[in-house]
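K.L.:
predicted coordinates and the sequence they were generated for:
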Amino acid sequence: MALQLGKDATIEIGVSALGKLLSHDIEVTDGVIRTTTYDSTAEENVPLGLPGGKFSVEAIFDAADVGQAALETALGAAAVTVSVYPSGASTTGEVEFTGSIVVDNYRVSGGLEDVHKVSISGTGYLAQGTVT
């Protein structure tokens, strides 16, 4: 697979594209049980096999952007479906990360010599797969 640039990625919230992207981050985790016995010389870590994760995105704030609005509306509400296409294409055979997240943070910030930016994050598992 050829190298893929972060700037090429596209993100969809439900069926709406998320515009004016600056960066994104996908973290996949799995729970671990730490166990030991009286006669052990070390801890044993046992994976749970229950994937979870976090998703965050930063974009130039645009109140008219349907994707940004969908994430803002989802704050404290129901989970939303997120699809990330690292190559920018949602065509058959391309890599995708998709799943549901619960939005738990929505922040708009700006500075004296900067545009307003929106940072949005949520919790949920985005599974890596291939567009079919």
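P.N.:
Now that the structure is in, tell me what you want to look at.
K.L.:
against Lys54, how distant is the residue lying farthest from the centre of the chain?
P.N.:
Of all residues in the chain, Asp39 has its C-alpha farthest from the mean position, at 42.3 Å, by Cα atoms, centre = their mean. Counting by Cβ to Cβ, to the nearest Å, the separation of Asp39 from Lys54 is 38 Å. Heads up, the C-betas are built off the backbone N, CA and C, glycines and all.
K.L.:
and if you look at Asp62?
P.N.:
If you measure Asp62 against Lys54 using Cβ to Cβ, the figure is 23 Å.
K.L.:
check Val82 too.
P.N.:
Taking Cβ to Cβ as the measure, Val82 falls 11 Å from Lys54.
K.L.:
mutual contacts of the two, please.
P.N.:
Taking Cβ atoms under 8 Å, 6 or more residues apart in numbering as the contact rule, Val82 and Lys54 both touch Gly122, Gly124.
K.L.:
contacting residues around the helix or strand that Glu12 is a member of?
P.N.:
Take DSSP states H and E as the rule and Glu12 turns out to sit in strand 10-13. Strand 10-13 is contacted by residues 17-18, 21, 24, 57, 66-67, 70-71, 80-85, 88-90 when judged by Cβ under 8 Å, 6+ apart.
K.L.:
one more: stretch 30-44?
P.N.:
Contacts of stretch 30-44 (Cβ under 8 Å, 6+ apart): Asn45, Val46, Pro47, Leu48, Gly49, Leu50, Pro51, Gly52.
K.L.:
before we move on, the earlier item: next helix or strand past the strand holding Glu12?
P.N.:
As assigned by DSSP H and E, the chain's next helix or strand after strand 10-13 is strand 16-17.
K.L.:
who does that next one pair up with?
P.N.:
Sheet pairing of strand 16-17 (DSSP bridges) gives strand 10-13 (antiparallel).
K.L.:
just the strands in this protein please.
P.N.:
Assigned strands in the chain, in chain order: 10-13, 16-17, 21-35, 44-60, 80-85, 95-109, 117-123, 126-130 (criterion: DSSP state E).
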